[in-house]
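Trainee: Quick one, fold the following:
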Amino acid sequence: MKSEKHWFGLPLSLFWGYIAIAVFMSGDGFEMAFLSKHITDMGFTPSQSALVFTLYGAAAALAAWSSGVVAEIITPQRAMRIGFFLWVIMHILFMTLGLGMRNYPLMLLFYGIRGLAYPLFIYSFVMLVVQNVPKHRLSSAMGWFWAMYSIGIGCVGSYLPSFTIPWMGETGTLWFAIAWVVAGGLMAMFLLRNVGGESEKANLSTREKLTELSRAVTILFTNRNIFLACLIRIINTLSLFGFAVVMPMLFVGRLGFTMSEWLQIWAVFFFITIFTNIMWGVLGEYIGWIRQVRWFGCLGCAISSLAFYYLPVTFGHNYWVAMIPAVMLGITVAAFVPMTAVFPVLEPKHKGAAVSIYNLSAGLSNFLAPAIASLVLPFFDIVGVVWTYTVLYLFAGILTLIIRVEQPARIPASQGAKGYGEAVPLQNK
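Mentor: Numbering: from 1, shown residues only. Just a heads-up that it's a prediction; the model follows:
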C-alpha cells in the first residue's frame, strides 16, 4: 500500500468522501425529530407509525450487516452509488405515493426499502477507507469518519429542521432533504471515482461471491477474536442508546428538569463526540488500540455511566452539574473508535466480512440497549439499568484481556521516524 498523505490522521485522498458522508447524513437525518409525529398527525395511530420505523430499522440493520462484503465484491464506489440512487428513488416514492396519497402499505414498502440505502452508502465508504489507508492509520481515519457522521446526523440533520419547518413546513423539509442527499451522493460519485483500484474480489465467480457473502455470518464462528470484538462493540454504545430511553424519566420525570434542559444536556454529549472521535482516533495509534479501549473506553464508560445517575441524583436540579456526566460520556464512549480498525486487522483476507460484523455489532447495540432497559426497569428501576450497563462495560474490559490483535502504535519522529511517525507493533498488554 502506497504512502498516504494525511492531515491530523485525515487521509487527504479521501477528503471529499468524508465531506460527502457529512452532507449525505445531514439530509438523511432531517426527519429524525419529527417524522413519527408527522405520520400520527396525518391520522395514523402511534403503533402504525412505530411499525414504519421498525421495518426501516430492520432493513437498515440488514444493509449494514451485508454492506462490507457487498462493497468488497463490487467495489465501494459502486456500492455507494447504489445506496445513493436507492435513497433518492425510494424517498421520492415515499413522499408521493406513500405520504402524499396517505397510503399506509406503500409508506411501509418505500420507507422500508429506503432503510437499505444509507448503510450501503456510508459503510461502503468505511470499506474504501479500510482498502486505502495503512492499518496503523485506520484508527485516526475512522475517528474522522465518525466525526463527519455526527456532524451530519447529530448536528446539521437535527438542528437545521428547526429553521426550515417554520419556513417551509414538515413536508417541505422532507423534500429539502433530497437536495442534501443528492449533493453528498454526487460528491461521492465524481470525486471518489479515481480513489483505489479494482476490488481483488470483483472477478470472482457468482458461486465464489455467494461464499464470500456467507462469511458475514460464518466468520463469527470461525474467528474467536472477531466474536470477542463483536461483543465489545455491542457493549460500546449501550449507554448511548439506553440512556436516551431511561434518563428522560429521571431528569424530567423525577428531578424537575424541563424537556428543553434535558435535550440540551443530551445535545452536549453528541457535540463532544465530534471532537473526541477525532482525538481518540489519533491517540489510539500511540496508546494502542485495545489498551485505549480497555482503560479509557470500558473503564471510562463504566465510571461515566454511574456519574450520569448519581451526580444529578445527589445534586438535584442543577443544570451545570448535570452537564458533567454528559461531557464525561462524550469523551469516554468515543475511546472505542479504534474498534473499527480492529475488525479488518483480525481478518485481513476477508476484510469485507469483518467490516460487516462490525456493522452488525453496531446495529445490535442499538437494539439491545433499550431491550435491556425494558427488562431491568420493572425489577430494579433506573439505577438497576445503570448498574447493568456498568457491569457490562467492566465485562468488556475483561474481554480486552483475552482478545489477541496486533495493535499498531507510533514512535515520535524525534526517535528516528520521519514525518508523522513510524508504525511499530504494540502487543496486547
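
Trainee: contacts, neighbours, all on C-alpha from now
Mentor: Fine.

Trainee: So which bits of the helix or strand hosting residue 239 are buried?
Mentor: For residue 239, the host element (DSSP states H and E) is helix 238-251. For helix 238-251, burial by neighbour count (16 or more other C-alpha atoms under 10 Å) applies to 238-243, 246-248, 250-251.

Trainee: Where does the prediction get shaky in this protein?
Mentor: 1-4, 33, 196-209, 212, 407-429 (pLDDT under 70).

Trainee: what does the host helix or strand of residue 28 contact?
Mentor: Following DSSP H and E, one finds residue 28 within helix 15-29. With C-alpha atoms under 8 Å, 6 or more residues apart in numbering as the test, helix 15-29 has contacts from 118, 122, 125, 144-145, 148-158, 176-185, 187-188, 191-192.

Trainee: Quick one, which of those residues are buried?
Mentor: Among those, those buried by neighbour count (16+ other C-alpha under 10 Å) are 118, 122, 125, 144-145, 148-158, 176-178, 180-182, 184-185, 187-188, 191-192.

Trainee: Out of those, name the ones that lie in helices.
Mentor: 118, 122, 125, 144-145, 148-149, 157-158, 176-178, 180-182, 184-185, 187-188, 191 (DSSP state H).

Trainee: For residue 253, the count of nearby residues, please.
Mentor: 12 (other C-alpha atoms under 10 Å).

Trainee: three-state assignment of it?
Mentor: Following DSSP: H, G, I helix; E, B strand; the rest coil, the label given to residue 253 is coil.

Trainee: any idea how far it is from residue 111?
Mentor: Distance of residue 253 to residue 111, computed by C-alpha to C-alpha, to the nearest Å: 33 Å.

Trainee: cool, residue 313 as well?
Mentor: 41 Å.

Trainee: okay, the two: which has more neighbours?
Mentor: The neighbour count for residue 313 versus residue 111, taken as other C-alpha under 10 Å, is higher for residue 111 (23 against 16).

Trainee: show me the residues around that one that make contact.
Mentor: Each residue near residue 111 by C-alpha under 8 Å, 6+ apart is listed here: 52, 56, 90-91, 94.

Trainee: Please verify my assumption that residue 128 contacts residue 76.
Mentor: Yes. At 5.7 Å, residue 128 and residue 76 qualify as touching, with contact defined as C-alpha atoms under 8 Å.

Trainee: tally of neighbours for residue 105?
Mentor: Residue 105 has 11 nearby residues by other C-alpha under 10 Å.

Trainee: which residues sit in contact with it?
Mentor: Listed by C-alpha under 8 Å, 6+ apart, the contact set of residue 105 reads residue 98.

Trainee: Distance of it relative to residue 387?
Mentor: Separation of residue 105 from residue 387 (C-alpha to C-alpha): 41 Å.

Trainee: what do you get for residue 127?
Mentor: Taking C-alpha to C-alpha, one finds residue 127 at 36 Å from residue 387.

Trainee: Settle it for me: which of those two has more neighbours?
Mentor: Neighbour tally, residue 127 and residue 387, criterion other C-alpha under 10 Å: the higher count belongs to residue 127, 25 against 16.

Trainee: Just confirm that one contacts residue 71, I think it does.
Mentor: Yes. Contact status for residue 127 versus residue 71: in contact at 6.6 Å, counting by C-alpha under 8 Å.

Trainee: what sits in contact with each of those two?
Mentor: Common contacts of residue 127 and residue 71 (C-alpha under 8 Å, 6+ apart): residue 352.

Trainee: Tell me where the chain has strands.
Mentor: For the chain, the strands defined by DSSP state E cover 6-7, 10-11, 407-411, 422-426.

Trainee: who's more crowded, residue 128 and residue 76?
Mentor: residue 76 (31 against 24).

Trainee: Skip the chain neighbours and tell me the closest residue to the more buried one.
Mentor: Distance criterion C-alpha to C-alpha, 6 or more residues apart in numbering; nearest residue to residue 76, sequence neighbours excluded, is residue 124 at 4.9 Å.

Trainee: give me the number of residues near the one you found?
Mentor: Residue 124: 31 surrounding residues under other C-alpha under 10 Å.

Trainee: cool, and residue 141?
Mentor: 32.

Trainee: from what I can see it touches residue 129, true?
Mentor: Yes. If you go by C-alpha under 8 Å, residue 141 and residue 129 touch, sitting 7.4 Å apart.

Trainee: And the contacts of stretch 58-70?
Mentor: Residues external to stretch 58-70 that are found in contact with it (C-alpha under 8 Å, 6+ apart): 76, 79, 112-113, 115-120, 123-124, 126-127, 212-213, 216, 351-360, 363.

Trainee: distance between the ends of stretch 313-324?
Mentor: This stretch, stretch 313-324, spans 13 Å end to end (C-alpha to C-alpha).

Trainee: swap in stretch 284-296?
Mentor: Stretch 284-296 has an end-to-end distance of 10 Å (criterion: C-alpha to C-alpha).

Trainee: do stretch 86-100 as well
Mentor: 19 Å.

Trainee: Residues in contact with that stretch: which ones?
Mentor: Residues outside stretch 86-100 that contact it (C-alpha under 8 Å, 6+ apart) are 103-108, 110-111, 113-118, 175, 178, 181-182.

Trainee: how many neighbours does residue 110 have?
Mentor: Look at residue 110: counted by other C-alpha under 10 Å, it has 22 neighbours.

Trainee: Who are the contact partners of it?
Mentor: By C-alpha under 8 Å, 6+ apart, residue 110 lies in contact with 90-91, 93-94, 98.

Trainee: In helices, which of these fall?
Mentor: Those of the contacts of residue 110 lying in helices (DSSP H): 90-91, 93.

Trainee: Could you pull up the contacting residues of the nearest residue to residue 226 once chain neighbours are set aside?
Mentor: Computed as C-alpha to C-alpha, 6+ apart, the closest residue to residue 226 that is not its neighbour in sequence is residue 220, at 6.1 Å. Residues counted as contacts of residue 220 (C-alpha under 8 Å, 6+ apart) are 226-227, 357.

Trainee: Looking at the residues you listed, state which has the most neighbours.
Mentor: Result: residue 357 is most packed of those (other C-alpha under 10 Å), 30 neighbours.

Trainee: Quick check: that residue vs residue 290, distance?
Mentor: Residue 357 sits 18 Å away from residue 290, going by C-alpha to C-alpha.

Trainee: One more: residue 118?
Mentor: Taken as C-alpha to C-alpha, the span from residue 118 to residue 290 is 29 Å.

Trainee: can you list the buried residues of helix 238-251 in a markdown table and add distance to residue 268?
Mentor: Output for these, formatted as a markdown table (distance: C-alpha to C-alpha, whole Å):
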| residue | distance to residue 268 |
| --- | --- |
| 238 | 18 |
| 239 | 15 |
| 240 | 13 |
| 241 | 15 |
| 242 | 17 |
| 243 | 14 |
| 246 | 17 |
| 247 | 15 |
| 248 | 15 |
| 250 | 18 |
| 251 | 15 |
